[in-house]
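> Got a predicted model here, sequence first, then my questions.
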Amino acid sequence: MERGDQPYSPAAAASALLWWLEAGVDVIVDETPRDWLRPQPKVAPQSPSTAPEPRQDAFPDQLDLFQAWLRDSDTLAFASPSSPRLCPSGDPTSGLMIMIDMPATEDCRDGTLLAGEAGRLFDRMMAAIGRDRASLYLAALSCFRSPDGRFTSETAHRCATLARHHIGLASPKALLLFGDACSKALLGLPMARARGRWHEIDTHAGPIRALVTISPSYLLDQPSAKGLAWADLQMLVEGLKP
């Protein structure tokens, strides 16, 4: 092999080819001519396959029919024949709706939302503002518990769409959201930033006023936060006044 009038040894040629390979050149000769100065068209990135976005007009438009749909539908997030399904309870006409993220392990075992020690603390919190389970409407973003007790961004979005429809059908005077997952799903804010002020959640029935507070399970682990939760409940009481 020659380079100009200078001989080019096989070792030198191999060294040059190795250098170009390490520089990223993977084709030396192509059968098709190419204009290297012309910009190549950009290829749109392939988005990962996701479940179809739920449409609110696909859900029942009456609360009793919607509740029946929640009891029977196999299209809900985390639905499984072997998983306990915990549906809303209480009085949807009470003016106060409370939403948690999903059933806890104890809830699944006992067959009711907010069971066990966290449920007993919840009952005391409600009694402190003159309420009990019969005078509020308790629901969850998901009727099922996920295997790891968490939402993915996709399932949180699906459950939030469903929850907004649910909230609109109930049309409470005030909505109390327990915990970080509910706050992020419905308000787009972590609990720490959302606490201490009223928010509005858009629904097909119009905006619904909402507060965020600390979940009973967290308060069991962090009793020092009870003062913050009490302040939230006082704000809720003021907001429920005629």
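The structure has been received and is ready for your questions.

> Apart from its chain neighbours, what residue comes closest to the residue sitting nearest the centre point of the chain?
Centroid-nearest residue in the chain: A156, 2.1 Å away (criterion: CA atoms, centre = their mean). The shortest distance from A156 to any residue other than its chain neighbours is 4.6 Å, reached at A185 (CB to CB, 6 or more residues apart in numbering). Where you see a C-beta, it was placed from the backbone N, CA and C, and this is true even at glycine.

> same check, this time on L175
A210 (4.2 Å).

> and what of A194?
Distance criterion CB to CB, 6+ apart; nearest residue to A194, sequence neighbours excluded, is V212 at 4.1 Å.

> The helix or strand where the residue nearest to L175 lies pairs with which strands, and in what direction?
Applying DSSP states H and E as the criterion places A210 in strand 208-213. Counting by DSSP bridges, the strands paired with strand 208-213 are strand 174-178 (parallel), strand 199-201 (antiparallel).

> and the longest one, how far out from the chain's middle?
Spelled out, that is strand 174-178. 16 Å (CA atoms, centre = their mean, to the nearest Å).

> Likewise for the last one?
When C-alpha coordinates are averaged (CA atoms, centre = their mean), strand 199-201 and its chain have centres 17 Å apart.

> Check stretch 199-217 too.
14 Å.

> Same check on stretch 126-135?
Centroid separation for stretch 126-135 versus its chain: 28 Å, with CA atoms, centre = their mean.

> which residues in the chain form strands?
For the chain, the strands defined by DSSP state E cover 2-3, 6-7, 89-90, 96-100, 137-140, 174-178, 199-201, 208-213.
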